[in-house]
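Colleague: let me see the structure of the following:
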Amino acid sequence: MHPYGKSFNHAIADVTVSTLKESGHEVSFHDLCAEGFDPILMGEELVSDRSDDELVQIHWNEIKEADGIVIIHPNWWGQPPAILKGWVDRVLRENVAYRFPEDDDGSGLPIGLLKARVALVFNTSNTPEERENTVFGDPLERIWKDCIFDFCGVSNFHRRMFRTIAGSTSEQRQAWLDEVMDMVCEHFPGKER
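Modeller: Okay, the predicted model is just below:
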């Protein structure tokens with residue numbers, strides 16, 4: 001998510017949550033900044049695959065049961081904000097989101113454990129698309145599609161980058177929010193709106 005409550009990321013989240021609920025879906029929504037999620041993975045948690053953090057345990061339980069996942073965040077330095085990276089480190093853990101075969105030391109191919117049938121990622125950026133693709137190679141696509149969701153067993157992946165936010169008009173932002181609604185309805189069908 002975004003630390004600023006009036007950001008376009010929050011508008012995307014509002015439309016996403018309301019669209020899912022209107023379609024009859026049960027939604028577990030988390031604004032990591034608002035709930036004070038601690039992104040720091042401590043040594044004992046890393047080696048034990050256990051956490052005393054009740055919020056991490058809630059996220060573990062919810063992600064394991066989720067039929068679909070939607071991630072919303074800005075593009076900061078070609079990656080998610082630190083709090084979201086910490087969420088990935090602490091929540092998408094071995095034996096929660098993936099595991100290795102018994103005879104594997106962790107260097108082989110993982111077995112994805114997430115049962116989500118689809119993952120959507122909505123990003124915002126102030127970097128023009130041509131520069132993003134030619135200079136940086138769209139690192140967020142690679143991170144979310146290949147390094148995270150495919151690793152965890154979610155191969156039905158869709159992502160949309162909205163850009164450039166800084167110079168956008170209110171009309172452009174409304175068109176983007178309409179696109180968010182359409183994508184959510186397409187990938188999370190429910191009752192007729």
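Colleague: check the offset of the helix ranked longest in the chain from the chain's centre.
Modeller: Looking across the chain with DSSP state H, the single longest helix is helix 170-187. Centroid separation for helix 170-187 versus its chain: 17 Å, with CA atoms, centre = their mean, to the nearest Å.
Colleague: quick one, helices of the chain?
Modeller: Going by DSSP H, the chain shows helices at 8-22, 43-48, 54-65, 82-91, 129-131, 139-141, 170-187.
Colleague: ok, back up a step: name the helices or strands packed onto the longest helix of the chain?
Modeller: Contacts defined by 3 or more CB pairs under 8 Å, 6 or more residues apart in numbering; DSSP states H and E place helix 170-187 against helix 8-22, strand 118-125, strand 157-163. Just so you know, the C-beta spots here come from the backbone N, C-alpha and C atoms, and that holds for glycine as well.
Colleague: buried residues in stretch 63-80?
Modeller: 63, 66, 68-75, 78, 80 (16 or more other CB atoms under 10 Å).
Colleague: and what of stretch 159-176?
Modeller: Under 16+ other CB under 10 Å, the buried positions of stretch 159-176 are 159, 161-163, 165, 168, 176.
Colleague: determine which two of those residues are furthest apart.
Modeller: The widest separation within the buried residues of stretch 159-176, taken as CB to CB, falls between R159 and S168 and amounts to 18.7 Å.
Colleague: quick one: the buried residues of stretch 63-80 as a markdown table, columns for pLDDT too.
Modeller: Below are those laid out as a markdown table (pLDDT from 0 to 100):
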| residue | pLDDT |
| --- | --- |
| I63 | 97 |
| A66 | 97 |
| G68 | 97 |
| I69 | 98 |
| V70 | 98 |
| I71 | 98 |
| I72 | 97 |
| H73 | 95 |
| P74 | 94 |
| N75 | 91 |
| G78 | 83 |
| P80 | 94 |
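Colleague: of these, which belong to strands?
Modeller: Assigned to strands by DSSP state E, the following of these qualify: 68-74.
Colleague: which residue, neighbours along the chain excluded, lies closest to the residue nearest the centre of the chain?
Modeller: The centre of the chain sits closest to I71, judged by CA atoms, centre = their mean, with a distance of 2.5 Å. In space, and not counting its chain neighbours, I71 is closest to V121: 4.6 Å by CB to CB, 6 or more residues apart in numbering.
Colleague: again, but for L84
Modeller: H73 (5.3 Å).
Colleague: shaky segments in the protein?
Modeller: 1-5, 191-193 (pLDDT under 70).
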